[in-house]
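Participant: for reference, the sequence and a predicted model appear below.
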Amino acid sequence: MPSVAQALPLKSLTCTGGAETARAAFDLSRGQLECSGSRFGYRHRFVRTSVQFDGLVLHSSKELVWQTVASDFASMLVRFTYADGTQRLVDVDRQMAARNWFAGNRFDVPIPDETAPLSAVDTVVERPYSAATTAKARILTQARSAEMHYLRSLAYVLVIGLLVLPMIYDLLFFRILRQSFVLWHLGMVGAMTLYTLLQSGLIFELVPDLELGLRWRATAVAFVLALSSAVMVVRGLIEDRFLSRRMSAALIAAALIPVLVKIVSLIGGEALRITVNSWLMASLIPSALIVTTAVTMGLARGSQGARWAALGLSVLIAVGLLRLLVGIGLMDFGFALEDATFPAMVVLAIFTSLGVGDRFLALRHDRDQARTQAVRLGQMANTDGLTGLANRRAFDMVARLKTGQGLLLADIDRFKAVNDEYGHQIGDAVLCRVAAILRDALNEQPGAQVYRLGGEEFAVVADISDGQELMQLADRLRQTVLSIEGPETPVDLPSVTISIGAVLGHGQLMHQAFADADAALYRAKDSGRDRSVLYNAGTVANGYGRLPDARDPA
């Protein structure tokens with residue numbers, strides 16, 4: 001190999017071994033190292049890797065960097081051997097990942113410049129938490145590293161920008177419709193954004209002194225939270241009528257499985273150190289199967305939310321399956337496969353955002369319909385079925401007769417005789433006609449509301465300034481009822497009159513005002529009917545003077 005124009009992956013050239021001390025690891029001979037098979041799963045405290053550039057000639061080590069994955073480890077020594085036998089040992093401290101970070105969960109170690117070509121690279125890593133640290137090392141020029149770092153950083157910034165927009169979208173939706181699946185979507189996209197910040201290394205621009213182990217663990221936690229939240233988003237997107245209780249419970253279990261596995265891995269210590277990633281990837285299998293089953297069932301039943309979920313998950317599922325195969329050692333797609341996770345997350349965020357919007361509109365439509373139905377039912381409950389006026393229930397909801405209001409209590413005179421002589425059908429027609437006359441006559445009266453209290457009794461509440469105005473209104477209504485026959489009357493109706501009791505409001509409770517108006521109505525009936533009587537605190541009079549036989553109704 002005359003030069004390193006592109007990155008040179010070292011995995012295929014790497015042999016590995018394990019020991020309990022750094023010296024013992026470096027002392028392992030070539031014959032003691034494993035160069036084939038599953039050679040990157042050593043659980044020893046110190047893991048040795050050795051790369052011999054047999055048949056490859058790196059003409060110059062000038063401006064070259066050795067690069068590997070920045071997972072957690074206790075310590076690392078890198079020994080560079082040159083063709084003339086010179087060896088240079090570099091002590092890689094844990095914060096070099098922050099100082100020399102490379103966009104994409106890697107860091108650079110500059111290769112010391114020597115005249116002779118580089119012939120071998122040996123590393124000893126103490127307590128690595130990921131096999132990728134030893135398996136995915138590579139060599140490239142500093143110029144190529146800087147170029148790739150710049151372009152990849154821009155790509156990660158673009159990913160974060162695309163993820164931030166759905167979060168704003170969710171916050172606006174949640175202000176209008178407080179549904180849990182909107183919060184789950186916000187949590188999912190937020191966890192994706194955090195994962196991108198941590199995995200890409202852009203977090204070091206915000207927190208330069210972030211500890212290596214904390215960053216590695218936080219990255220895994222963000223990844224798990226993003227996937228678990230995605231499961232809950234799918235559960236929220238699929239309409240309730242398409243999701244059985246069992247499947248809903250299964251989706252909750254699917255969301256919990258990776259979280260529980262991650263908790264176990266965090267507290268598992270040394271026993272699970274090198275196998276953490278494999279266990280985590282394996283835990284996604286049942287979750288993926290449950291989600292796939294739920295979405296498939298939703299699609300079969302015509303769920304619109306399932307369609308959005310399927311579109312969003314398609315790329316992520318494909319990438320996840322490939323990563324699973326890589327994680328268990330069946331396939332090797334290299335570094336580029338890890339990058340595919342980010343566009344997959346963007347696709348998931350965008351399509352599920354559209355699904356959230358679609359579900360939001362559907363729920364809002366359902367909510368508006370429910371409110372309209374509730375209003376209609378309320379109106380029906382407060383409306384008299386025969387006349388269309390407000391009923392006694394609606395009247396009883398008026399707590400007080402305010403100052404500046406008046407109450408008229410009207411009763412059709414001798415209505416029983418109408419029913420007896422003409423029949424109840426004509427009687428009902430008379431009630432409807434009187435109700436229409438009262439309603440039409442009060443169309444322009446400020447604050448007027450007409451009620452049918454039951455039988456032949458009606459009530460009117462209107463804005464009135466004084467007793468004389470109230471009595472003028474009462475007499476006008478009486479005179480209007482006398483013209484009961486008209487062009488809108490489908491049959492000949494008998495002439496009827498009404499008697500009215502009136503009371504002025506001064507903030508009294510409505511039941512007291514009603515009692516006073518009823519007393520005045522009784523006086524109007526007792527005084528010959530077809531007249532209006534105003535209730536006063538000490539007298540019951542008409543609007544123009546006392547009746548000769550008026551008495552205090554109290």
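Facilitator: Arrived safely. Numbering: from 1, shown residues only.

Participant: and the nearest residue to residue 75 once chain neighbours are set aside, how many neighbours does it have?
Facilitator: Nearest non-adjacent residue to residue 75, counting by C-beta to C-beta, 6 or more residues apart in numbering: residue 126, 4.3 Å away. (Each C-beta comes from the backbone N, C-alpha and C, glycine too.) Residue 126 has 16 neighbouring residues, counting by other C-beta atoms under 10 Å.

Participant: now for residue 496: which residues touch it?
Facilitator: 412, 413, 414, 415, 418, 430, 434, 481, 484 (C-beta atoms under 8 Å, 6 or more residues apart in numbering).

Participant: any idea of the mean pLDDT for stretch 439-447?
Facilitator: Averaging pLDDT along stretch 439-447 gives 89.

Participant: what's next to it, contact-wise?
Facilitator: Residues contacting stretch 439-447 (C-beta under 8 Å, 6+ apart): 389, 405, 448, 450, 460, 461, 462, 463, 473, 476, 477, 480.

Participant: for residue 89, which three-state class applies?
Facilitator: Of the three states, residue 89 takes strand under DSSP: H, G, I helix; E, B strand; the rest coil.

Participant: roughly how far does it sit from residue 127?
Facilitator: In this structure, residue 89 and residue 127 are 19 Å apart, going by C-beta to C-beta, to the nearest Å.

Participant: what do you get for residue 500?
Facilitator: For residue 500, the distance to residue 127 equals 97 Å [C-beta to C-beta].

Participant: for those two, indicate the residue with more neighbours.
Facilitator: Ranked by neighbour count (other C-beta under 10 Å), residue 500 and residue 127 place residue 500 first, with 27 against 16.

Participant: wait, a helix at that one?
Facilitator: No: Residue 500: not assigned to a helix; according to three-state DSSP it is strand.

Participant: is it true that it touches residue 409?
Facilitator: Yes: the criterion here is C-beta atoms under 8 Å, and residue 500 meets it with residue 409 at 6.8 Å.

Participant: where do the contact lists of these two overlap?
Facilitator: residue 521.

Participant: sorry, back to before: so of the contacts of stretch 439-447, which ones are in helices?
Facilitator: If you go by DSSP state H, the contacts of stretch 439-447 have 473, 476, 477, 480 in helices.

Participant: enumerate every residue touching the last one.
Facilitator: Under the criterion of C-beta under 8 Å, 6+ apart, the neighbours of residue 480 are 437, 438, 441.

Participant: got the phi and psi for the residue nearest to residue 75?
Facilitator: The phi/psi pair for residue 126 (degrees, to the nearest 10) reads phi -90, psi 120.

Participant: ok, what's across the strand from it?
Facilitator: Beta-bridge partners recorded for residue 126 (DSSP bridges): residue 46, residue 75.

Participant: next: residue 34.
Facilitator: Beta bridges link residue 34 to residue 16, judged by DSSP bridges.

Participant: next up, the contacts around it.
Facilitator: 15, 16, 17.

Participant: let's see it at 10 Å
Facilitator: Contact analysis of residue 34 by C-beta atoms under 10 Å, 6 or more residues apart in numbering lists 14, 15, 16, 17, 18, 40, 41, 42.

Participant: poorly predicted segments of the stretch 251-400 of the chain, please.
Facilitator: 268-278, 323-324, 326-337, 378-379 (pLDDT under 70).

Participant: show me the shaky parts of the protein.
Facilitator: Judged by pLDDT under 70, the stretches of the chain that qualify are 1-5, 55-62, 268-278, 323-324, 326-337, 378-379, 483-491, 537-554.

Participant: center of it, which residue is that?
Facilitator: residue 182 (0.7 Å; C-alpha atoms, centre = their mean).

Participant: helix or strand: which one has that residue?
Facilitator: According to DSSP states H and E, residue 182 maps onto helix 180-200.

Participant: between the contacts of residue 34, which sits nearest residue 351?
Facilitator: residue 40 (35.7 Å; C-beta to C-beta).

Participant: that closest one: how many residues sit nearby?
Facilitator: 21.

Participant: what sits against it?
Facilitator: Counted by C-beta under 10 Å, 6+ apart, residue 40 has contacts 11, 14, 16, 34, 47, 49, 128, 130-136, 274, 329.

Participant: residue 359 too?
Facilitator: Counted by C-beta under 10 Å, 6+ apart, residue 359 has contacts 173, 177, 179, 181-182, 185, 233, 236-239, 304-305, 308, 352.

Participant: of those residues - the most surrounded one?
Facilitator: residue 233 leads these on contacts (other C-beta under 10 Å) with 32 neighbours.

Participant: my guess is residue 110 contacts residue 139, does it?
Facilitator: No: under the criterion of C-beta atoms under 10 Å, residue 110 is not in contact with residue 139, lying 11.2 Å apart.

Participant: looking at those two, which is more packed in?
Facilitator: Taking neighbours as other C-beta under 10 Å, residue 110 and residue 139 compare with residue 139 leading, 22 against 14.

Participant: the more buried one contacts residue 121, correct?
Facilitator: Yes: assessed by C-beta under 10 Å, residue 139 is found in contact with residue 121 at 7.6 Å.

Participant: give me the common contacts of those two.
Facilitator: Here residue 139 and residue 121 share the contacting residues 10, 51, 53, 66, 109, 111, scored by C-beta under 10 Å, 6+ apart.

Participant: contacts only, for the fifth one.
Facilitator: For residue 109, the residues meeting the contact criterion (C-beta under 10 Å, 6+ apart) are 64-68, 76, 78, 80, 90, 92, 96, 100, 121, 123, 137, 139.
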